[in-house]
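In: Predicted structure and sequence below. I'll ask about it afterward.
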Amino acid sequence: MGPAPDPDPAARLLTVGEAIALAHAHWIAGQAPQAEHICLRVLQAEPDQADARHLLGLIAHAYGHPDLALAHLRAACQPATAPAAYCSNLAEVCRQQGLLQEAEAAARRAVAADPALADAWNNLGIILQEAGQLSASLECLRRVAALLPGSAQIHNNLGNTCKRLGDNPQALAHYRRALELDPDYAPALSNLAMTLGDEGRHEAALAAIRRAIEIDPLMPQAHRNLAALEGARNRPAPVHGHAAPLSAAAATDDERARAEAEALLQADQYAAAEALLRQALARGTPGVALRRLLAQALRQQGKLREARAALEQVLHAAPGDAASRFDLAEVLLALGDFDAGWREYRFRYRLAHTAMLARHVQRPRWDGRPIAGQTLLIHDEQGHGDTFQFLQLVALARERSGARVILEVKEACLALARRAGGFDDILAAGAAPPAFDCHCELMSLPLALGLRLADLPARTAYLHADPERVAHWRARLAPLPRPLVGLVWAGRPDHPRDRQRSLALAELAALAQPGVTFIGLQQGDAAAQAGTPVPGMAMECLSREIRDFDDTAAILTLLDLLISVDSAPVHLAGALGRPAWVLLPFVPDWRWLLHRPDTPWYPSVRLFRQPAAQAWQPVLTEVADALRADAKE
């Protein structure tokens, strides 16, 4: 885990029991850094405090640190009076690490301490199943089914034990019962498929396994089961994430083409990379890795439909390739295929470089169904612009769910979000929320709501500036001649595509024209460029006076127009219902779609697109002409 922000300073005055309760509230909400910080503070005062050790073990396990998880959980279970739940969790982590003897001992200790703890019996049943003690496993899992008759997971586990016992009819009955309880429970579908295959019912088996992969394409066991089922029908098994065996010469050619294509992509030689990759694929090489690169080359040239086809070919061969699924999500969304795009976008935290950013909320994700009488936590993610954009869906989520909605957003967006409404309670990110039943990320709301292009905009002018800030900035701007046109020429430097989207202020010289006052709103290091005047441009730079987004919102409310590269102020202007013109690169971010001069997200926003990669001059000429035309009107 990385460094954690300091939680509420009042936490320093809490008793140990109160601190642990607060840490648990943070953990339930998926706020691992805050929970971890509090637990470590507790251990400074009491190094063997079992509750803090236990929670630290759960956090370490969730973020893929099994050795640290085991160390904490073993310490938590050292006292003879350790709670049954702690021993049960130790048992499960031991099982996952192949330590079956220690796992069984911990699970038996858990059920002895609390015979009514269903999780402990379930863990013991699975441990015994893996240890080959099948009759004992069956007895444990039947006890769990009596305690939790509505659990799809338990019936799936019972089915697994029955299958190992050779009782296929009973296994099928349990898998089907699991799917009655949860039709989208992918592990039960996968297991059902294999049992149907054993019974010789291959068509039904293939239908079940393909449905399991459709629900969770990143489940490795499902792909192995699909290969086995297809192999049983004497069909060649598909490739799963690796190429079929090649001759030495073909493998060398494949590696050479891959290396050359990667070098061309690094040099922005996308057309040359495409030609090389198509030539290599035409030679008949298996091409999973080459098709990934081809999709990149096509996407960077704006050939999104061809990129989609290449990515779909990759995923036909390697359905568990999370990076390609995320790339496909962005391509689909840019093409306006929201139905498929949002489904793929759900894998954004399953990539190698994003897994540590995942928020492990200990409550189920809302799936769009009515949950009247329950509490739904909606929390933001990613950048400030994303928050401003997707806040328009919060009120719709409250209406659709019928739930009491708690909205959690970054501190920088809190005041603006509070004035937007559409929720029942609001808090800053990092604050422990009250109890809740379900959660949903802001950018998962489109999937839950089944959002389509025709549904946009969900709300217009849903953000509002602070009246006191507006009054302050009205006085500040009053002496300046109109029209007042805001300028933002660079985005966040660490954005992966910042080189394509950002400009230098000097490049905007074409916009300068008599009678127009430009207002510099740029933040960050690029704001210093305003110190070098652009010939002919009347510029008033406010960068140093802007304290936060509330100031920016107040200024945007008073300006006649914002001209900006793709950055957070654009989304803020659109959410405020203020006019904004966006300078877009040839291959823009997915949310701006393709070719159109407007955006369904914000009716007040107009788009100006590069006609070719790095071709800013035609864009700036078009914007300058439009600005002159507006001035004449």
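Out: Ah, there it is.

In: where in the protein is pLDDT low?
Out: The chain contains residues with pLDDT under 70 at 1-12, 233-251, 285-286, 633.

In: quick one, strands of it?
Out: Along the chain, counting by DSSP state E, strands occupy 375-379, 404-409, 425-428, 438-441, 484-488, 517-520, 538-541, 561-565, 580-584, 598-599, 602-609.

In: And these: which comes nearest Pro220?
Out: strand 438-441 (24.5 Å; CB to CB). Using the backbone N, CA and C atoms, a C-beta is placed for each residue, glycine as well.

In: so what's the closest residue to Trp342 other than its chain neighbours up against?
Out: For Trp342, ignoring the flanking residues on the chain, the nearest one in space by CB to CB, 6 or more residues apart in numbering is Leu447 at 4.1 Å. Taking CB atoms under 8 Å, 6 or more residues apart in numbering, we find Leu447 in contact with 342-343, 345-346, 368.

In: farthest-separated two in those residues?
Out: When these are compared pair by pair using CB to CB, the maximum separation belongs to Tyr345 and Gly368, at 14.9 Å.

In: between these two, which one's more packed in?
Out: Tyr345 (21 against 15; other CB atoms under 10 Å).

In: how much space between the more buried one and Arg291?
Out: 21 Å (CB to CB, to the nearest Å).

In: Mind putting the contacts of Leu447 into JSON lines with distance to Gly166?
Out: What follows is the contacts of Leu447, written out as JSON lines (distance: CB to CB, whole Å):
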{"residue": "Trp342", "distance to Gly166": "43"}
{"residue": "Arg343", "distance to Gly166": "38"}
{"residue": "Tyr345", "distance to Gly166": "42"}
{"residue": "Arg346", "distance to Gly166": "38"}
{"residue": "Gly368", "distance to Gly166": "41"}
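
In: Looking at those, which one is closest to Val93?
Out: Arg346 (26.3 Å).

In: Number of residues surrounding Thr15?
Out: 8.

In: What of Arg256?
Out: 12.

In: Please apply the same query to Lys410.
Out: Neighbours around Lys410, by other CB under 10 Å: 18.

In: Verify the stated contact: it with Leu427.
Out: No - taking contacts as CB atoms under 8 Å, Lys410 lies outside contact range of Leu427: 11.0 Å.

In: pretty sure Leu607 contacts Leu594?
Out: No - using CB under 8 Å, Leu607 is not in contact with Leu594, being 10.3 Å away.

In: Show me which of the two is the more surrounded one.
Out: Leu607 (19 against 14).

In: tell me the contacts of that one?
Out: 581-582, 584, 592, 596-599.

In: repeat that for 7 Å
Out: Applying CB atoms under 7 Å, 6 or more residues apart in numbering, we find Leu607 in contact with 582, 584, 592, 596-599.

In: Ala631 versus that one, what's the distance?
Out: From Leu607 to Ala631 the distance is 20 Å (CB to CB).

In: Return the member of the contacts of Leu447 nearest to Ser502.
Out: Tyr345 (24.7 Å).

In: Now the closest one. Nearest residue, chain neighbours left out?
Out: With CB to CB, 6+ apart, the residue lying closest to Tyr345 is Ala329, at 4.1 Å.

In: tally of neighbours for Ala188?
Out: Neighbour tally, Ala188, other CB under 10 Å: 28.

In: Nearest to Asp498 among the strands of the chain would be which one?
Out: Nearest to Asp498, of the strands of the chain and by CB to CB, is strand 561-565 at 9.3 Å.

In: who does that closest one touch, helix- and strand-wise?
Out: In terms of contacts (3 or more CB pairs under 7 Å, 6 or more residues apart in numbering; DSSP states H and E), strand 561-565 is packed against strand 484-488, helix 568-576, strand 580-584.
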